[in-house]
Structure formats: C-alpha cells, structure tokens
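Asks: can't give you the sequence, but here's the structure:
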Ligand SMILES: Cc1cc2nc3c(=O)[nH]c(=O)nc-3n(C[C@H](O)[C@H](O)[C@H](O)COP(=O)(O)OP(=O)(O)OC[C@H]3O[C@@H](n4cnc5c(N)ncnc54)[C@H](O)[C@@H]3O)c2cc1C
C-alpha cells in the first residue's frame with residue numbers, strides 16, 4: 001500500500017511549523033525521524049494533509065550540559081545518544097538503554113523526541129525518561145510549557161502533547177555520587193521492542209535504596225513509577241519481596257508478545273534482577 005497524497009513543508013524555524021498548525025490544525029503532522037510515522041502513513045493509518053519536517057530547525061538537536069542539568073534536543077538521533085561521551089558519563093542509563101532501541105539503520109534516523117511523542121508502551125526511551133524524572137519542554141505560539149515525563153504519558157500511544165505543540169527539548173539531571181541505575185529487557189531478538197522491560201534509578205545508602213524510581217514497560221498502557229517499589233525499598237525489604245509486591249499490582253496488557261500472566265511473571269523476575277543490580281552496583285543487566 002502507498003501513502004495517500006500529502007503536502008510536505010520543510011520548516012526552517014518554529015514559526016513555519018506554528019503557521020502550518022494554524023492553517024491545518026490536527027491535519028498537520030510533525031515529521032522527525034519518520035521511523036514510526038512513515039510506516040503509519042504508508043499503511044494509511046494516518047492521512048495527514050501536510051507533513052511538517054522539523055529536521056532543519058536549528059536549535060532542536062544536540063546534547064548540552066548546564067550545571068547539573070543535561071539538555072537533549074528533541075531531534076537528537078538515537079545514534080547520537082549512543083555515541084555521546086556526555087551521555088555515557090552523565091546519563092549512563094540512557095547510554096545503556098539506547099542500544100536496545102531497534103537496529104542501527106533505525107537509530108540513524110529515529111529521534112529521542114519522536115520516540116517520546118510516539119509513546120509506544122514497549123519503547124525504551126519513554127520508560128527511561130520517567131525513571132530519570134525528565135522534564136519535557138513543549139513550545140507553541142502561546143509560549144513554552146514544561147511537563148514532567150511522569151505526567152506526559154497518558155496511555156497507549158497517547159500523550160499530553162497538544163496538536164499545536166512541538167516537543168523542543170528534554171531536560172535530565174546528571175548522575176551524582178551514590179546514584180545507581182538498572183536496565184533489563186526481554187525481547188524476542190536484540191533490537192526488537194520489549195516483551196517486558198524494567199528500568200530504575202535510585203540512590204544507594206547504607207545498603208538501602210532511597211528515592212527508587214522503578215518503571216516496568218512493555219506491560220501496562222504507559223510507563224509509570226511504582227510507588228510500592230519505592231516505599232518497600234526505603235524500608236529495607238528484600239528484592240524478592242519487592243518484586244512480588246510490584247508484580248501483583250501490575251495491570252499487564254495481553255499483546256502479541258505474551259498474555260497478561262506471562263508478562264506479570266516476566267516482570268517479577270526482571271524487577272528482582274534489577275533491584276539486585278541496583279544494590280550491588282552492577283551497571284549493564
Ligand atoms: C524496524 C523498527 C524497529 C523499531 N524498534 C524499536 C525499538 O525496539 N524500541 C523503540 O523504542 N523504538 C523502536 N522503533 C521506533 C523508533 O525508535 C522511532 O525512531 C521512534 O519511535 C520515533 O522516532 P522518530 O524520530 O522516527 O519519529 P517520527 O516517526 O517522525 O514521529 C513519531 C510521532 O511523533 C511525532 N513527533 C515526532 N517528533 C516530534 C516533536 N519533536 N514534537 C511533537 N511531535 C513529534 C510525529 O508527528 C509522529 O506522530 C522501531 C522502528 C522501526 C522502523
């Protein structure tokens with residue numbers, strides 16, 4: 001099948017894109033890496049009137065540090081995250097997880113921002129953004145809006161982004177002393193979307209995990225911090241007990257990779273392993 005006819009607009013600046021939103025409303029779709037959008041259009045699951053290409057807008061791409069904050073431009077490509085020394089040293093969770101996102105060809109085009117807005121429940125970057133407490137910066141003609149990743153994801157491929165907004169950048173805190181992280185994923189083949197995955201960030205103090213932000217993905221409709229994991233970890237519970245409690249609270253979706261109970265079982269195992277990684281300071285799971 002081929003895409004239905006659409007107009008193409010190469011935006012040179014944000015105003016060009018806002019003009020298109022004003023003219024076409026939600027019939028204007030943003031094109032970033034195109035790795036998710038183009039298949040959708042080719043299958044005619046989306047039939048936009050105009051594609052607004054944001055790849056040539058200066059200032060939307062790049063990775064910069066300012067104090068303890070790292071700012072990642074929305075059109076920064078997956079391969080740039082994978083090759084960045086700054087990301088490797090200050091955001092090691094992203095550096096580890098990005099290797100699980102698709103294959104080299106897709107990573108060459110796909111963007112960090114596109115992955116967040118696409119909001120696939122089995123995608124790695126949305127889950128990492130939530131675990132890391134990222135702030136998303138969205139811009140529209142009305143100005144700038146900042147929203148935490150935890151509030152941004154609403155459901156399966158559903159976010160709080162408004163049709164006239166462009167995600168311009170993502171802000172994350174650089175890892176500090178005592179920070180530990182974990183990333184574990186089960187997939188059919190390396191580079192496939194997760195059947196189930198777990199990502200977490202915490203501070204390790206006196207053999208306990210403080211401020212644990214544990215997220216299970218590929219399981220529920222969207223990535224969320226587990227409150228029960230945080231409270232049980234803070235009270236010094238063993239990983240096996242925490243994993244059991246978190247798994248019981250999950251509301252897994254049945255999908256092509258497994259039924260709900262299989263996913264619950266897989267998640268419990270990955271959570272226990274991830275908590276062990278955090279407590280023992282093992283980096284790549
Ligand atoms: C074969 C294959 C395997 C893949 N495997 C994985 C995988 O294992 N894990 C994984 O996470 N992903 C995977 N992907 C998806 C890939 O990571 C995509 O790059 C990503 O989901 C979307 O990024 P993109 O830049 O290509 O966005 P696009 O496809 O261009 O856009 C996706 C959606 O986001 C919107 N959008 C994009 N950027 C912005 C912005 N800045 N502001 C507002 N809206 C925006 C678009 O309008 C569109 O609705 C795979 C893709 C393919 C083709």
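Replies: Perfect, thanks for sending it. Being a predicted model, the structure only gives us computed values, none of them experimental.
Asks: which stretches of the stretch 101-250 of the chain form helices?
Replies: Ranges of helices within the stretch 101-250 of the chain are 104-109, 112-118, 124-131, 149-152, 227-234, 239-249, based on DSSP state H, counting those that start in this stretch.
Asks: Who are the contact partners of residue 154?
Replies: Contacts of residue 154 were listed using CB atoms under 8 Å, 6 or more residues apart in numbering, and they are 160, 222. Bear in mind the C-beta positions are built from the backbone N, C-alpha and C, glycine included.
Asks: I meant to write residue 59 there.
Replies: By CB under 8 Å, 6+ apart, the residues touching residue 59 are 73, 168.
Asks: cool, and the one 10 residues further on?
Replies: If a contact means CB under 8 Å, 6+ apart, then residue 69 has 171, 172, 173, 174 as its contacts.
Asks: how close does the second one sit to the ligand?
Replies: From residue 172 across to the ligand, the span is 16 Å (CB to the nearest ligand atom, to the nearest Å).
Asks: what's around that residue, how many residues?
Replies: Neighbour count for residue 172, taken as other CB atoms under 10 Å: 23.
Asks: Test my guess that it contacts residue 72.
Replies: Yes. With contacts counted by CB atoms under 8 Å, residue 172 reaches residue 72, the gap being 7.0 Å.
Asks: one step back: type out the PyMOL command that picks the buried ones from the contacts of residue 69.
Replies: Here is the PyMOL command that selects the buried residues among the contacts of residue 69 (16 or more other CB atoms under 10 Å):
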select buried, resi 171+172+173
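Asks: before we move on, back to that, a markdown table please, covering the helices of the stretch 101-250 of the chain and showing distance to residue 277, mean pLDDT and mean neighbour count.
Replies: A markdown table is the format used below for those (distance: least, CB to CB, whole Å; pLDDT from 0 to 100; neighbours: other CB atoms under 10 Å):
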| stretch | distance to residue 277 | mean pLDDT | mean neighbour count |
| --- | --- | --- | --- |
| helix 104-109 | 24 | 96 | 15 |
| helix 112-118 | 23 | 98 | 25 |
| helix 124-131 | 13 | 98 | 28 |
| helix 149-152 | 22 | 98 | 19 |
| helix 227-234 | 13 | 96 | 18 |
| helix 239-249 | 10 | 97 | 18 |
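Asks: just so I know, which of these lies nearest the ligand?
Replies: helix 112-118 (2.3 Å; CB to the nearest ligand atom).
Asks: what helices or strands is that closest one leaning on?
Replies: In terms of contacts (3 or more CB pairs under 8 Å, 6 or more residues apart in numbering; DSSP states H and E), helix 112-118 is packed against strand 69-73, helix 78-83, helix 124-131, strand 166-173.
Asks: list the buried ones in the first one?
Replies: Meaning strand 69-73. Applying 16+ other CB under 10 Å to strand 69-73 flags 70, 71, 72, 73 as buried.
Asks: that older thread, out of the helices and strands packed on helix 112-118, flag the one nearest residue 190.
Replies: Proximity to residue 190 (CB to CB) singles out helix 124-131 among the helices and strands packed on helix 112-118, at 12.3 Å.
Asks: Just want the angle from the closest one to strand 166-173.
Replies: Counting by axes from the mean of the first three to the mean of the last three CA atoms, to 10 degrees, helix 124-131 lies at 50 degrees to strand 166-173.
Asks: now for helix 124-131, which elements pack on it?
Replies: helix 92-97, helix 112-118, helix 149-152, strand 179-186, strand 196-205, strand 208-217.
Asks: so how far is the fifth one off the chain centroid?
Replies: It refers to strand 196-205. How far strand 196-205 lies from its chain's middle: 15 Å, per CA atoms, centre = their mean, to the nearest Å.
Asks: Same question for the second one.
Replies: Relative to the centre of its chain, helix 112-118 is centred 7 Å away, using CA atoms, centre = their mean.
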